[in-house]
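*Asks:* Here's my sequence, what's the structure:
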Amino acid sequence: MTTIPLPGVTVERADDAVVRCEGCGRPLRDPASRARGHGPVCTVVRLPEPPRGEQQETLPGF
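*Replies:* Okay, the predicted model is just below:
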């Protein structure tokens with residue numbers, strides 16, 4: 001007998017690796033969140049990363 005999950009309920013299969021949010025550590029179930037590495041709340045809360053490759057001016061005396 002095969003069981004069918006209820007609509008709107010996400011069921012993790014035993015062969016799925018548990019991917020955790022890098023921000024809060026909760027398990028991620030949404031494929032987009034799993035690819036991003038952050039859940040929807042932590043994606044909004046994260047501060048933008050500074051642009052890479054740009055040189056900063058040096059401080060005088062250093």
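
*Asks:* Lowest mean pLDDT among the helices and strands of this structure, which one is it?
*Replies:* Taking mean pLDDT, DSSP states H and E as the measure, the chain has helix 40-45 as its least confident helix or strand, at a mean of 82.

*Asks:* Against which helices or strands is that one packed?
*Replies:* helix 31-36 (3 or more C-beta pairs under 8 Å, 6 or more residues apart in numbering; DSSP states H and E). For every residue, glycine as well, the C-beta is placed using N, CA and C.

*Asks:* Run through the neighbouring helices and strands of the helix it packs on.
*Replies:* Using 3+ C-beta pairs under 8 Å, 6+ apart as the contact criterion, the elements in contact with helix 31-36 are helix 40-45.

*Asks:* go again using 10 Å as the cut-off
*Replies:* strand 19-20, strand 27-28, helix 40-45 (3 or more C-beta pairs under 10 Å, 6 or more residues apart in numbering; DSSP states H and E).

*Asks:* quick one, which of those is packed in tightest?
*Replies:* Each of the helices and strands packed on helix 31-36 was scored by mean neighbour count; the highest is strand 27-28, a mean of 16, by mean count of other C-beta atoms under 10 Å.

*Asks:* E22 against R36, yeah?
*Replies:* Yes. E22 sits in contact with R36 when judged by C-beta atoms under 10 Å, with a separation of 9.1 Å.

*Asks:* Spit out the residues that contact those two alike.
*Replies:* Contact criterion C-beta atoms under 10 Å, 6 or more residues apart in numbering; residues bridging E22 and R36 by contacting each: 28, 42.

*Asks:* hang on, the earlier thing: so which of the helices and strands packed on helix 31-36 gets nearest I4?
*Replies:* With C-beta to C-beta, the closest approach to I4 among these belongs to strand 27-28: 22.3 Å.

*Asks:* quick one: strands adjacent to that closest one?
*Replies:* Here strand 27-28 is paired, per DSSP bridges, with strand 19-20 (antiparallel).

*Asks:* can you list contacts of the strand it pairs with?
*Replies:* For strand 19-20, using C-beta under 10 Å, 6+ apart, the contacting residues are 26-29, 31, 33-35, 37, 39.
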